Each structure stands twice: as C-alpha cells, then as structure tokens.
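Asker: based on what follows, work out the 3D shape:
(chains A and B)
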Amino acid sequence: MGEFLLVTIQIDMHDQLALKLQDDLSNTIQKYAAKGVLIDISTLGMVDSFIGRMVADISGMGRILGAETVLVGMQPAVAITLVELGLALPGVATALDVERGMALLRRKIDGVDADGANE
Amino acid sequence: MAPTNSGEAPLRSEHDIVLARQQVRRLTQELGFSLVDQTKMVTAASELARNALTYGRGGTMRWEILQRDGYRGLKLLFADEGPGIPNIDLAMTDGWTSGSGLGLGLTGAKRLVNEFALDTQVGGGTRVTITRWK
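Answerer: Residues are numbered from 1 along each chain as shown, chains lettered A, B, ... in the order given. I've put the predicted structure just below:
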C-alpha cells in the first residue's frame, strides 16, 4: 500500500494483545517511515474503553511519528455503543470503509504538504 | 420472575474477559436482542469484567436469564473480593479512575443497561449487577 500501513483487526483481542499491537505499530511506522495508517475494525463487534483508548493512543502516537491515522469500518452498533459509553474518540479521524479512508489519508497528507502545516 | 437459566464464569485473566464477552454475546443472541442491544450489553460486560480483574484482583461473572411480565432479560453479576470502593460518588464520576484507565467503566456500563446496582464494602469486595431487557 505504498506509504500507508493497513491494519485489519479480525479477532476479539485481549488487552495485552491490544497493547502489543500498539507497540508493533509504532515500530512499523518508524521502520517504513509510513505517512498514514488505516485501522480496519469492520469485523469488530465491540469496542470498549480499553480498545477505544488503544486506537486513540495509536492515532496520537502516529502523529508524533509523522503518520496520520484513520479508523475505518466501525459498525453502526459499535458507534452507538461507544458514544453512549462516553467515548467519542476525539482526535481520531474515521471513515466508512478502506477506500474512503485511503482518500481521507491522501487529503490529510497532501494538505500537510501543500500548506506546510497540519489541518 | 423465576430464573430459567443461569451460570457462572471465572474472571481470573485477560483471556477470561474475552470469554465473558463471548458468553454475553451468545446469551443476548439467544434472547433475541437487537444488534445494538447485544453490543451495549457485551460492552458493559467487558468494562465490568475488566474492573473486577484490574481493581478487584479477579472474581466471577454470574449470569441469569430473567422473565418478568412477559419480558425476558439478561442479568449479570460481577463479583470480586478486592479492596472495595471507598468513595462511591467519586467512582461514579465520569473520567475518575483510581488506576490507569479512562474512568468510564462504571459510569459507562451504567449508561449501557436498563438496571444497575453497585454494592461495595471497603475490604469486602465489590458486586455490580446489571440487567438489560429485550
């Protein structure tokens, strides 16, 4: 996927696994100097505060390492539940699917390059 | 409201939290909950199971299928033998945590269910009961 990393979460992760993913991803962003990260959670039937925080942390950490993160494919039931739980994921960019997520990443990265500043 | 079905699962490891989520998913599916209601109950269970493990040093999740006035519901009891919660008002404040979490576990879980009860004693463990009706 060129300068983008695509992460597809396909299993119900226990907490340590989520933390390991966060760790692995930060190393991979650095190793490949990735400019964008897409996290596909379309198969996840639940996002609780732990997973939600992991996603927010990846997004924040990625930004520091020079990569934009877009979370894609969240199921409507998961979105409704997350908001009611009290976790609106501020600062995390989202898109409906991988294709739209890619387009959003491109715009974000081009925007940064063109303006010389973050949005 | 005689219980027609019940069971218990241990909460001793992070893997048990995953198993508890899967168990609650199965039960809510069997009860015919909508996808949104399934997701809310599973998420609430995940928060409370993690609380029991992280703050209560482990415990159990007891589940019970209820029947009342022709409605069916799922009741979950999360019990631990941990230190208990000294200040319930504080613990029920969004964003407050005694650990490293987000402080959304108790308050968030409460918002996701129809009935919520917290019973805790300093030194005597914590019991959280949640119910969601179909």
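Asker: need the residues of chain A near chain B, please.
Answerer: Residues of chain A found near chain B (C-beta under 8 Å from any C-beta of the partner chain) are A:12-16, A:45-50, A:52-53, A:75-78, A:80-82, A:84-87. Any C-beta I mention is one placed from the backbone N, CA and C, and that applies to glycine too.
Asker: name the helices or strands packed onto the helix or strand encompassing residue A:21?
Answerer: Assessed by DSSP states H and E, residue A:21 sits inside helix A:15-31. On a contact count with 3 or more C-beta pairs under 8 Å, 6 or more residues apart in numbering or on different chains; DSSP states H and E, helix A:15-31 meets strand A:4-8, helix A:49-64, helix B:14-30.
Asker: the strand or helix carrying residue B:42 and chain A, any residue contact?
Answerer: Per DSSP H and E, residue B:42 falls inside helix B:35-54. Yes. Legend: contact between helix B:35-54 and chain A by C-beta under 8 Å from any C-beta is shown at B:35, B:36, B:38, B:39, B:40, B:42, B:43, B:46, B:47, B:50.
Asker: quick one: buried residues of the helix holding residue A:21?
Answerer: Applying a neighbour-count criterion of 16 or more other C-beta atoms under 10 Å in any protein chain shown, the buried positions in helix A:15-31 are A:15, A:17, A:18, A:21, A:25, A:26, A:29.
Asker: what's the closest of the residues you listed to chain B?
Answerer: Comparing those against chain B with C-beta to the nearest C-beta places residue A:15 closest, at 4.8 Å.
Asker: does that closest one touch residue B:16 like I think?
Answerer: No. Between residue A:15 and residue B:16 there is no contact under C-beta atoms under 8 Å: 11.2 Å.
Asker: what's stretch B:86-100 in contact with?
Answerer: A:86, B:54-55, B:85, B:102-104, B:106-108, B:110, B:118, B:120, B:122 (C-beta atoms under 8 Å, 6 or more residues apart in numbering or on different chains).
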